[in-house]
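Visitor: starting from these lines, generate the structure:
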Amino acid sequence: MTSTTESETRADRMTHLRGKFIVFDGGEGCGKSTQVDMLRKVLEKAGVHTLVVRDPGATRVGEMIRHILLDPANVEIGMRCEMLLYMASRAQLMHELVAPALVAGKCVISDRFVSSTLAYQLGGDGLTAEQIRAVGDVAIGGHWPDLTILLDMPVEKSAARLKRDRDRIEQRSVQYHERVRQNYLAQATQNPRQMRVIAADRAADAVHADVLAVVTDFESRIAKK
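Guide: Residues are numbered from 1 along each chain as shown. This is a model prediction of the structure:
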């Protein structure tokens, strides 16, 4: 158990996360929303004003795009269209919420971001990582995350956590979701400084402890710059 003194010290150090952009990403049912909320509470307790957003969504326009993307009735959406819709939602998200919050010194935490598209849409209709990153850079105006936390777990365990009706993406095959997982892990291997992998098939408190360790290590590197 973490002592009061250790908690206070950690809280003091969290102030270096002001004006930083953190993303939680991973497959379906990996616990992103839970971990986002747990980290938000830690940051707010430390006096770090925090903005939490979900991608796609968070803005009026983004929520309309989200509905289009996830509605199982929209079976005709091609992968390139899908990629561009996600990017359009991000463009509005960045313009309306994220960029102003970063300028104001808030820590922004996003549930998914471009790393999701590099996992879910990569290879569809021949899409390459270079194409996706190029479109992403335009959409977000070059405001790439400072840190992405990948919550990783086996596909079968992810699927078992989904207790509701599945959306258009969640309904895809096990083979598709396994490719998505491998695409995530490949991103982390290629960019170990900005993307950290945490095993998510454990109790939420255990995952949260690892999230805090990653964030503390990250903000320690910031402080040394």
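Visitor: give me the low-pLDDT residue ranges for this protein?
Guide: Where the chain drops to pLDDT under 70, the residues are 1-13, 219-225.
Visitor: how about a cut-off of 50?
Guide: 1-5, 7 (pLDDT under 50).
Visitor: helices of that one, start to end?
Guide: Taking DSSP state H as the test, the helices found in the chain are 4-13, 32-45, 60-70, 79-93, 99-103, 114-120, 129-140, 155-160, 174-190, 204-224.
Visitor: quick check: buried residues in the longest one?
Guide: Buried residues in helix 204-224, counted by 16 or more other Cβ atoms under 10 Å: 207-208, 210-212, 214-215, 218-219. Using the backbone N, CA and C atoms, a C-beta is placed for each residue, glycine as well.
Visitor: try stretch 84-98
Guide: So, applying 16+ other Cβ under 10 Å, buried residues of stretch 84-98: 85-94, 96-98.
Visitor: give me the beta-bridge partners of F21?
Guide: Counting by DSSP bridges, F21 forms beta bridges with V108.
Visitor: need the contact list for it.
Guide: 98, 102, 107-108, 110, 143-147 (Cβ atoms under 8 Å, 6 or more residues apart in numbering).
Visitor: from these, which is closest to Y176?
Guide: Set against Y176, the nearest of the contacts of F21 by Cβ to Cβ is S110 (23.3 Å).
Visitor: test my guess that the closest one contacts V53.
Guide: Yes - between S110 and V53 there is a contact under Cβ atoms under 8 Å: 5.1 Å.
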